[in-house]
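S.K.: Can you look at this prediction? I've put the sequence above it.
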Amino acid sequence: MKKVFLAIFVLGSLSVISQREDQKDHTIGYHQIVYSEFQVNSHGLGVGIRRGFHKTVEIKRLFEAQFTTLKHPREVRLLPSDGSEGFTFAKVNRAYTLRFGVGEHKILAFKPFGEGVELKVIYFFGISSALLKPIYYHMVYGDDLEASLETFDEKRHDVFNIYGIGPYFKGLRELSIQPGIFGKFALSFEYAAESSSIRSIELGAVIDGYYKDVEILAFADNYPIIVSLYLSLQYGKKWYR
């Protein structure tokens, strides 16, 4: 009986020691991760959150939710000489992108001795929605000093009709949603000194595809496929389940 208890004690001790060693060894990997991001991209700014689960030592399954602004590359902001608030000429809609995706990250190079920079390749596929909110302007006609609140019509309006930009929340009830899909590919450089933390820089590209043109700007070509390059900073944590 003493030998049985001794064997159980030894096996239990080895298990505890093994678990502690595993947690020190960067090749074992953490089972779960969560992190947020702030993004600058070629069409605006964005924020997002990701949740990850262990798949293999090198691979984690990721789920992502992301919200970004969406500007047309030919937007021109005008600043009136009287010092009043500026506006973007001929902009029809304020546009935003909402994405929900599933993907993976794969570690290409582990941190040497648990320190330094860890290199990962990341990809996502999922649902993308363009949120379009009409923009209202204060419009004037001829010598009429009274301004009316209207959306921009390229057949009726030009820069001389616009007196100023309307209230930001005007048109919120007319918000439209244009569904689509997206794909993302990126490289991530994770540099956190603490093994349970995530501090990383990500460089990548996103392609959003919609069933029709995303109408943002009048007098310009609007497209159903939008390609964005981005740089994001990410913060989060890792833990064993």
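M.R.: Ah, there it is. Numbering: from 1, shown residues only.
S.K.: count of residues packed around Tyr136?
M.R.: Using other Cβ atoms under 10 Å, Tyr136 has 19 other residues around it. Using the backbone N, CA and C atoms, a C-beta is placed for each residue, glycine as well.
S.K.: The nearest residue in space to it that is not next to it in sequence and Leu172, how far apart?
M.R.: Nearest non-adjacent residue to Tyr136, counting by Cβ to Cβ, 6 or more residues apart in numbering: Gly166, 3.4 Å away. Look at Gly166 and Leu172: by Cβ to Cβ, to the nearest Å, they are 12 Å apart.
S.K.: And Asp158, by the same measure?
M.R.: 26 Å.
S.K.: okay, Gly166 and Leu172: which has more neighbours?
M.R.: Gly166 (19 against 11).
S.K.: one step back: hang on, the residue nearest to Tyr136 packs against Phe152?
M.R.: No. If you go by Cβ atoms under 8 Å, Gly166 and Phe152 don't touch, sitting 10.5 Å apart.
S.K.: Now do the shared contacts for those two.
M.R.: Residues touching both Gly166 and Phe152 (Cβ atoms under 8 Å, 6 or more residues apart in numbering) are Ile135, Tyr137.
S.K.: the strands in the protein, which residues?
M.R.: Residue ranges of the strands in the chain, as given by DSSP state E, are 32-41, 44-54, 59-70, 77-78, 87-88, 93-109, 118-134, 136-139, 148-151, 162-165, 176-190, 197-210, 225-239.
S.K.: residues in contact with the third one?
M.R.: When contacts are defined by Cβ under 8 Å, 6+ apart, strand 59-70 is touched by residues 29, 33, 37, 39, 41, 43-55, 95-107, 122, 124, 126, 130, 214, 216, 226, 228.
S.K.: can I see the domain layout of the protein?
M.R.: Per automatic domain parsing, the structural domains of the chain span 1-27, 31-239.
S.K.: Pick the most buried one from the ones you listed.
M.R.: With neighbours taken as mean count of other Cβ atoms under 10 Å, the domains of the chain reach their highest mean count in domain 31-239, at a mean of 16.
S.K.: What separates the first and last residues of that one, distance-wise?
M.R.: Chord length of domain 31-239, first to last residue, is 6 Å (Cα to Cα, to the nearest Å).
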